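**Q** mind looking at a prediction? Sequence and model below.
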Amino acid sequence: MPVTVILLSLCQALLVSGNILLVAVSPLIGAKLAPGAGWATAPVAMQWLGLMCATIPASLIMARLGRKRGFVLGNLVGLGGVGVASLALINEQFLLFMLSTWLLGIGIGFGMLYRFAAVEAAAPEQRDRAIGLVMGGGVLAAFFGPWLARASRALVDTPFLGSFLGLGMLYLLALVILLLLRLPPPQATHSDGPARPMAAIMRQPAFIIAVLTGLIGYGVMNLAMTATPLAMEREGFHFDHVATTIQWHVLAMYLPAFFTGWLTARMGPRPVIVLGCLMLTGCGIVVQFDTSLPGYYTALILLGLGWSFTFLPATGLLTETYRPAEKARTQAANEFLIFSTVGVTALLAGPLEAYLGWAGLNALLLPLSLLPLVALLWQWLAKDAHRPQIRH
């Protein structure tokens, strides 16, 4: 595997470490600064809104300027978000904190394209393993992120300010690595040849299944994960228990990435997606029967595994749906559709957890977790009927 892919994996680890820290502290900061309980997860929603706003510009910028310059630009925006968050915490300004998480989301939106850069840096036969290796960088984050959240929380007198100082250090380290990266120039990865209309690309069954699987896997995971700190605090669990639960969840998200790529290459993406949907469903079922600390651990581990077995194969499936000249637009459409959905789920997490409770929220997610299976069944039945519009 090229050294570039390994360095991208390290950048992914730093990115996810920061994300874990944000997941652990942002809802709690929101609950402290917000005007009402229903607004507690609004800063998290703003983070995902920023990510959504970055998806299309990030892909287009990288098509023109190259991956490296795009990643550096996104990292600098993230550092700006850290500065604004620090001011918001010192002055206890809720709206300013929401602005900071929006800027952080923009930076994260650029970083979410690390997996596509890995595909370009690796040989075609290494595609799925390269995606898995980069996403597997989150394993380091599963240990480092929660530790950083716990260690930095009370580092200075202003609550949670130390967490954002630690986040700034992560972004600075990633910036150094990015400056050392050698990535292909844009003319080597983005062709100017003939391209189909976007509508024709989006009508492909493989595109529909890839995007639907990605947005369901990420949306269901994000809604439940964002509500977890609030639910656990309501149950009286200590912050250390919250951080440890998120740690096991993130480990379950990223540890399978080291073999999910191999499994996808061997079995194909669709059987792996089926496994992922069943794991997401298993999370919702466990929650209905057990709200103890081991119950939270089990549910969040299944939730993480479900994300890994849906989002990663969906990424590989998406790369089969476009030509080189269509890459930037197709990736941008995929990221926009997925992360706009994720932003909505983050905004809904607080009100749904407050009004439905932890079990009720997860019961709502059960039928959603099965939607990719319905799409796969539809494709299988259509192929069986020899309908020409579904031929890949």
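**A** Happy to help now that I have it.

**Q** not counting its neighbours along the chain, what's nearest Arg196?
**A** Sequence neighbours aside, Glu326 is the residue nearest to Arg196 in space, at 6.4 Å (criterion: CB to CB, 6 or more residues apart in numbering). Just so you know, the C-beta spots here come from the backbone N, C-alpha and C atoms, and that holds for glycine as well.

**Q** what's the answer for Phe110, then?
**A** Spatial nearest neighbour of Phe110, chain neighbours left out: Gly74 (2.3 Å); criterion: CB to CB, 6+ apart.

**Q** least trustworthy helix or strand in the protein by mean pLDDT?
**A** Sorting the helices and strands of the chain by mean pLDDT, DSSP states H and E puts helix 186-189 at the bottom, at a mean of 62.

**Q** so after that helix, what's the next helix or strand?
**A** Per DSSP states H and E, the first helix or strand lying C-terminal to helix 186-189 is helix 198-202.

**Q** pull out the buried positions in that next one.
**A** By neighbour count on 16 or more other CB atoms under 10 Å, the buried set for helix 198-202 is 201-202.

**Q** picking up where we left off before, residues contacting the residue nearest to Arg196?
**A** Contact analysis of Glu326 by CB atoms under 8 Å, 6 or more residues apart in numbering lists 195-196, 201.

**Q** just Thr264 next, same as before
**A** Contact analysis of Thr264 by CB under 8 Å, 6+ apart lists 128, 132, 272, 312-313, 316.

**Q** what distance do you get for it to Gly137?
**A** Distance of Thr264 to Gly137, given as CB to CB, to the nearest Å: 18 Å.

**Q** and what of Phe259?
**A** Distance from Phe259 to Gly137, by CB to CB: 15 Å.

**Q** do Ile301 as well
**A** From Ile301 over to Gly137 the distance is 19 Å, taken as CB to CB.

**Q** looking at these two, which one has more neighbours?
**A** Gly137 (23 against 20; other CB atoms under 10 Å).

**Q** point out where the protein drops to low pLDDT.
**A** Low-confidence segments of the chain (pLDDT under 70): 1, 37-38, 153-154, 187-193, 382-392.

**Q** burial measure for Trp102, as a count.
**A** 21.

**Q** doesn't Leu51 make contact with it?
**A** No. The criterion here is CB atoms under 8 Å, and Trp102 misses it with Leu51 at 9.1 Å.

**Q** follow-up on the earlier one: helix or strand: which one has the residue nearest to Phe110?
**A** Assigning secondary structure by DSSP H and E places Gly74 in helix 67-91.

**Q** which strands or helices does that helix pack on?
**A** helix 3-33, helix 42-65, helix 94-111, helix 114-121, helix 161-180 (3 or more CB pairs under 8 Å, 6 or more residues apart in numbering; DSSP states H and E).

**Q** give the buried residues for the third one.
**A** Right, the one you point to is helix 94-111. For helix 94-111, a neighbour-count test (16+ other CB under 10 Å) marks 94, 96-111 as buried.

**Q** what angle sits between it and helix 3-33?
**A** Using axes from the mean of the first three to the mean of the last three CA atoms, to 10 degrees, the inter-axis angle of helix 94-111 relative to helix 3-33 is 160 degrees.

**Q** C-alpha coordinates for helix 94-111, PDB please?
**A** C-alpha atoms of helix 94-111 as PDB (Å, rounded to 0.1, in the frame of the first residue of the first chain):
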ATOM      1  CA  PHE A  94     -24.500  30.300  22.400                       C
ATOM      2  CA  LEU A  95     -24.900  31.700  18.900                       C
ATOM      3  CA  LEU A  96     -21.200  32.300  18.600                       C
ATOM      4  CA  PHE A  97     -20.600  28.700  19.600                       C
ATOM      5  CA  MET A  98     -23.000  27.600  16.900                       C
ATOM      6  CA  LEU A  99     -21.000  29.600  14.400                       C
ATOM      7  CA  SER A 100     -17.800  27.900  15.600                       C
ATOM      8  CA  THR A 101     -19.300  24.400  15.100                       C
ATOM      9  CA  TRP A 102     -20.500  25.400  11.600                       C
ATOM     10  CA  LEU A 103     -16.900  26.400  10.700                       C
ATOM     11  CA  LEU A 104     -15.600  23.200  12.200                       C
ATOM     12  CA  GLY A 105     -18.100  21.300  10.100                       C
ATOM     13  CA  ILE A 106     -16.800  23.000   6.900                       C
ATOM     14  CA  GLY A 107     -13.300  21.800   7.800                       C
ATOM     15  CA  ILE A 108     -14.500  18.300   8.500                       C
ATOM     16  CA  GLY A 109     -16.400  18.300   5.100                       C
ATOM     17  CA  PHE A 110     -13.100  18.700   3.300                       C
ATOM     18  CA  GLY A 111     -11.500  16.000   5.400                       C
END
